[in-house]
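Undergrad: Build me a model:
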Amino acid sequence: MVYVVSTEDSLNNIRENKKRLIDFERKVSLRVSIVCYFIDNDIIELLESFKKAASDISDLRYDFVIVENGFKEINPLHDTLVKQFPFCKVVISGENLGYGRGHNLTFSADYDYHLVLNPDVIFTEKSLSNALMFMEKNKECGLLSPQAFWRNGDRQYLCKRYPNVFTLFLRAFLPKSFHHVFRNKLETYCMMKETQSETVLWQPDSVSGCFMFFRNNVLLQLNGFDKDFFLYFEDTDLSLRARQLTKVAYVPDVKIIHHGGNVSRKGLKHIILFSHSMFKFFNKHGWKFF
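TA: Got it, this is the predicted structure:
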């Protein structure tokens, strides 16, 4: 690259821009997997935000694998994504495999890290570099969870305690106008007090599947998601198993926007799926009612 410089200020600007490139002690590789059910244009915002977040990291090798569980053949949006974002690959599953099984298709031993991601996430400018820096410095950490916000700036709480039936019912179906009645119970489950400060929290019971930043060898040792969970609780199950193998960290310096939805707003089908997975989860890990 050739720079044409006419003033000292311009030279300083170039030096400053070069300083912004983040170097690690080694070349780092990352695979990102996304599982969609009838992919839509919202994913473009995610990919644009990732591309921007990755632009200040030198020598990072990365790619995206998007598993399409809905459409059974390539459609114009798939072609657009691959052309606009050459680091993307679209896999047509041919059937709805479920969230966990879809992600399991993307695992490979050829990467240092694997990021399990939802299509409704937006990266902030330093989110990716901060995640990589934390993992490079903390070799004992095998799974990282970020600090998340709604689009309006309100906090989300992705770390959770071990679930119980009553609290899950409150979170899934109780109208928000009544949440204040059970405020203490809901806030305890979401670990709100523990995650208020801008400090790392080690070993939460579970973290959200919307953004699970794995050390790849850990994910492979875990054999990924349990295929028996079609949708819901697959992330809680994987988190609990990960804690037995490695350290899990909530890292507030890694900030994302997540505009996911609520189970009760998604209709009867999702309520049935949620309930079915809940029974599977408690049968596997142990029932807790209150």
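
Undergrad: and residue 142, what pLDDT?
TA: Here the pLDDT value assigned to residue 142 is 98.

Undergrad: Could you check which helix or strand contains it?
TA: Here residue 142 sits within strand 141-149, counting by DSSP states H and E.

Undergrad: Tell me which other helices or strands that strand touches.
TA: Applying 3 or more Cβ pairs under 8 Å, 6 or more residues apart in numbering; DSSP states H and E, we find strand 141-149 packed against helix 127-137, strand 155-156, strand 211-215, helix 234-245, strand 247-258. Where C-beta positions appear, they are placed from N, C-alpha and C, glycine not excepted.

Undergrad: what comes into contact with it?
TA: The contact list for strand 141-149 (Cβ atoms under 8 Å, 6 or more residues apart in numbering) reads 127, 131, 134-135, 155-159, 195, 204, 207-208, 210-215, 218, 239, 242, 245-258.

Undergrad: Then stretch 155-166?
TA: For stretch 155-166, contacts defined as Cβ under 8 Å, 6+ apart pick out 145-150, 185, 188-192, 194-195, 201, 204-208, 210-211, 236, 240, 250, 258, 278, 281-282, 285, 287-290.

Undergrad: again, only using 6 Å
TA: Contacting residues not belonging to stretch 155-166 are listed as 145, 148, 189-192, 195, 204-208, 250, 258, 288-290 [Cβ atoms under 6 Å, 6 or more residues apart in numbering].

Undergrad: Please spell out the ChimeraX selection for the buried subset of the contacts of strand 141-149.
TA: To isolate the buried subset of the contacts of strand 141-149 in ChimeraX, counting by 16 or more other Cβ atoms under 10 Å, use the following:
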select :127,131,134,135,156,157,158,159,195,204,207,208,210,211,212,213,214,215,218,239,242,246,247,248,249,250,251,252,253,254,255,256,257,258
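
Undergrad: Can I take it that residue 170 is in a helix?
TA: Yes - looking at residue 170 with DSSP: H, G, I helix; E, B strand; the rest coil, it is inside a helix.

Undergrad: Run a quick neighbour tally on the closest residue to it other than its chain neighbours.
TA: Using Cβ to Cβ, 6 or more residues apart in numbering and skipping the chain neighbours, the partner closest in space to residue 170 is residue 182 (5.4 Å). Per other Cβ atoms under 10 Å, the neighbour tally for residue 182 reads 16.

Undergrad: One more: residue 74?
TA: 12.

Undergrad: Adjust the sequence numbering to begin at 18 for everything that follows.
TA: Happy to do that; since the first residue is 18 now, the last one works out to residue 91.

Undergrad: Okay, and the beta partners of the closest residue to it other than its chain neighbours?
TA: Closest residue to residue 91 apart from its sequence neighbours, by Cβ to Cβ, 6+ apart: residue 109 at 6.6 Å. Going by DSSP bridges, residue 109 is paired in beta bridges with residue 85.

Undergrad: So residue 109 sits against residue 86, correct?
TA: No - if you go by Cβ atoms under 6 Å, residue 109 and residue 86 don't touch, sitting 9.0 Å apart.

Undergrad: who touches residue 302 in this structure?
TA: With Cβ under 6 Å, 6+ apart, residue 302 has no contacts at all.

Undergrad: now do residue 92
TA: Going by Cβ under 6 Å, 6+ apart, the list of residues near residue 92 is empty.

Undergrad: Closest to the centroid, which residue in this protein?
TA: By Cα atoms, centre = their mean, the chain has its centre lying nearest to residue 228, at 1.0 Å.

Undergrad: Look up how far residue 133 lies from that residue.
TA: Separation of residue 228 from residue 133 (Cβ to Cβ, to the nearest Å): 7 Å.

Undergrad: Cheers, nothing more for now.
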